[in-house]
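S.K.: Sharing a model prediction with you, sequence too.
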Amino acid sequence: MIRIGRIVATHGLQGSLILTHKAGNSKWLQVGQPLFIELHKESFIPFFVAQHRATSEDEYILQVEDVDTVEAARKLIAKNVYVNEDVLSAFVTDSPLLWIGFNMVDKTVGALGTIDDVYQAGVQWLARVIYKEKEVLVPLVPQIILDVNMRNRFVRVDLPEGLLEVYLGKG
């Protein structure tokens, strides 16, 4: 599953939700499709989309089945939202969200680990990798990315000198 966004507010009196997302293209969300909401840590509960309307490139107003009051909707505010990878891959081909689960390999160091999450900080994406038991955030910018292999599921990078040392507490 891929974390694509968060429920940020309720809308109206019928339990509608406002979902902000980083999935880009507004055609990926469909009626009847499950969105997995992380109600508790590592607890992904499917909520099926009953209605949706894109309000911008990164926001939807949506109604999900079995949430039909403001009170029920409020319980979902600030919860992370996930979708199955195949939902996005049919519509979005260049998003770093699709790289979750890919192996990251540095040109000099070699294997760094698996990308277990990506974050957007402003306009820049960051990949989270655990390297030598430390969390490392790698900027996903053209100057660092050498190759993204969708078939073999790896991202080859050329890390800036000293980046790993910052995280490992050396240098």
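M.R.: The structure has been received and is ready for your questions. Numbers count the residues shown, from 1 in each chain.
S.K.: Report the buried residues of stretch 157-171.
M.R.: Within stretch 157-171, the residues that qualify as buried are Val157, Leu159, Leu163, Leu164, counting by 16 or more other C-beta atoms under 10 Å. Backbone N, C-alpha and C define where each C-beta goes, glycine included.
S.K.: Among those, which ones are in helices?
M.R.: Here DSSP state H is the test, and the buried residues of stretch 157-171 give Leu163, Leu164 as lying in helices.
S.K.: Farthest-apart pair in the buried residues of stretch 157-171, please.
M.R.: Spanning the widest gap among the buried residues of stretch 157-171 are Val157 and Leu164, at 11.2 Å by C-beta to C-beta.
S.K.: Show me the domain layout of this structure.
M.R.: Here the chain is described, according to automatic domain parsing, as comprising the domains 2-89, 96-168.
S.K.: can you tell me how far Ile61 sits from Asp116?
M.R.: According to C-beta to C-beta, to the nearest Å, Ile61 and Asp116 sit 30 Å apart.
S.K.: Let me have the domains of the chain in TSV, extended by mean pLDDT.
M.R.: Listed next are the domains of the chain as TSV, based on pLDDT from 0 to 100:
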stretch	mean pLDDT
domain 2-89	89
domain 96-168	90
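S.K.: Not counting its own residues, what contacts the longest strand anywhere in the chain?
M.R.: The strand that spans the most residues within the chain, counting by DSSP state E, is strand 43-56. Here strand 43-56 makes contact (C-beta atoms under 8 Å, 6 or more residues apart in numbering) with 1, 18, 26, 29-39, 60-67, 76, 82.
S.K.: and Val166, that's in a helix?
M.R.: Yes - the assignment for Val166 by DSSP: H, G, I helix; E, B strand; the rest coil puts it in a helix.
S.K.: Could you pull out the helices in the chain for me?
M.R.: 70-74, 85-89, 163-168.
S.K.: quick revisit: export the longest strand of the chain to CSV, keeping only CA atoms.
M.R.: The C-alpha coordinates for strand 43-56 follow below in CSV (Å, rounded to 0.1, in the frame of the first residue of the first chain):
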residue,chain,number,x,y,z
SER,A,43,-4.3,-0.6,11.2
PHE,A,44,-5.5,0.0,7.7
ILE,A,45,-9.3,0.0,7.5
PRO,A,46,-11.0,0.0,4.0
PHE,A,47,-13.5,2.7,3.4
PHE,A,48,-15.3,2.5,0.0
VAL,A,49,-15.7,5.7,-2.0
ALA,A,50,-19.4,6.5,-2.6
GLN,A,51,-18.9,10.0,-4.2
HIS,A,52,-16.0,12.3,-5.0
ARG,A,53,-15.3,15.6,-6.5
ALA,A,54,-11.8,17.0,-7.2
THR,A,55,-11.5,20.6,-6.0
SER,A,56,-7.9,21.0,-7.1
